[in-house]
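K.L.:
When you get a sec, could you give me coordinates for this:
(chains A, B and C)
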Amino acid sequence: MPELPEVETVRRGLLPAMEGAVIERAELRRADLRWPFPSDMAARLTGARVLALRRRSKYLLADLDRSETLIVHLGMSGRMTVSGVPAPHVPGKFHFDHPALEKHDHVIFHMEGGARVTFNDPRRFGAMDLCATDAQGSHKLLALIGPEPLGNSFNAAYLAAQLAGKRTPIKAALLDQRIVAGLGNIYVCEALHRASIHPARAAHRIGAARLERLVREIRATLTEAIAAGGSSLRDYRQADGALGYFQHGFKVYGREAQPCQQPGCAGTVRRIVQSGRSSFYCATCQR
DNA sequence: CTCAGCTCCTGCGGGC
DNA sequence: TGCCCGCAGGAGCTGA
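P.N.:
The predicted structure follows:
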């Protein structure tokens, strides 16, 4: 379920159970996801304290004492959920009250205090790895990732420089994690719609003013999705922590043949396939 | 160097 | 009820 807003929502949901707590035991129920785990991963996690739980792009990063960082990617279908009901009046203390294991529960973090964090991923496109905290910047999975879209270094001037000379469709350029971090198929469709840019437009043929608007709309789209995810998670966490991806009100994604939601536009949402993936857009207001 | 296409894997919904 | 098909939020890799 994961683009940047969902990963950020997961991170915030995991904080109370994980940050500052010791992993009493890491239970690996298989030896790989997309790639094999480090052969000694369970031992390196067991007994480690999580000093901080961060996010970079679509990756969750748990900095451990021992100067190592756990890198987690949720792939297409990965979830991380907390179980164990918080004890009343005791922050960080959980009652042992856990549901039975489910299919595709691949990794379980048994946390100090009684909480459990379960990684479930049917399609197994997710990943976990460990690296030295001070070398994470050069980790193969993280080294080439572009700026965070909600950070200061992502702006119209930067984007213009990246897109200069690129004849590839803007849709593909925004999905390229080297250009900007954390965007996926849904939020690229939504941001392009809000910015009135056609997904097939050549990346280098977007003027400065429209790039300003695109940057603004990317930020707004993500910020609003994080706010919506956060509220959904708060409501749901007592149950099992899952967040309904499609609770967000998308304007074009998955809405083929429905009316365009842009104020004053009478167009209809269309679906095309670009580099093998669906793009939803309105041909009337997106140019 | 860039870029499109293929690939990993499971589940779900629709049509017959 | 069951079977087959297409499609799904990611992204690394290959080969042109």
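
K.L.:
Residue A:67 contacts residue A:133, correct?
P.N.:
Yes - in this structure, residue A:67 is within contact of residue A:133 by Cβ atoms under 8 Å, at 5.1 Å. C-beta coordinates here come from the backbone N, C-alpha and C atoms, glycine included.

K.L.:
quick one: which of those two has more around it?
P.N.:
The residue with more neighbours, out of residue A:67 and residue A:133 and counting by other Cβ atoms under 10 Å, is residue A:133; that gives 17 against 11.

K.L.:
thinking the more buried one is in contact with residue A:63, fair?
P.N.:
Yes - judged on Cβ under 8 Å, residue A:133 makes contact with residue A:63 at a distance of 5.5 Å.

K.L.:
Find residues that contact each of the two.
P.N.:
Shared contacts of residue A:133 and residue A:63, defined by Cβ atoms under 8 Å, 6 or more residues apart in numbering, comprise residue A:69.

K.L.:
how far away is residue A:215 from residue A:66?
P.N.:
Going from residue A:215 to residue A:66 by Cβ to Cβ, to the nearest Å gives 39 Å.

K.L.:
Please say which of these two ends up with more neighbours.
P.N.:
Here residue A:215 and residue A:66 are set side by side on neighbour count (other Cβ under 10 Å), and the busier one is residue A:215, at 21 against 15.

K.L.:
Am I right that that one sits in a strand?
P.N.:
No - when the secondary structure is assigned by DSSP: H, G, I helix; E, B strand; the rest coil, residue A:215 falls in helix instead of a strand.

K.L.:
List the residues that contact it.
P.N.:
Taking Cβ under 8 Å, 6+ apart as the test, what residue A:215 contacts is A:154, A:155, A:156, A:159.

K.L.:
which among these gets closest to DNA strand C?
P.N.:
Nearest to DNA strand C, judged by Cβ to the nearest atom of the strand, of the contacts of residue A:215 is residue A:154 at 16.0 Å.
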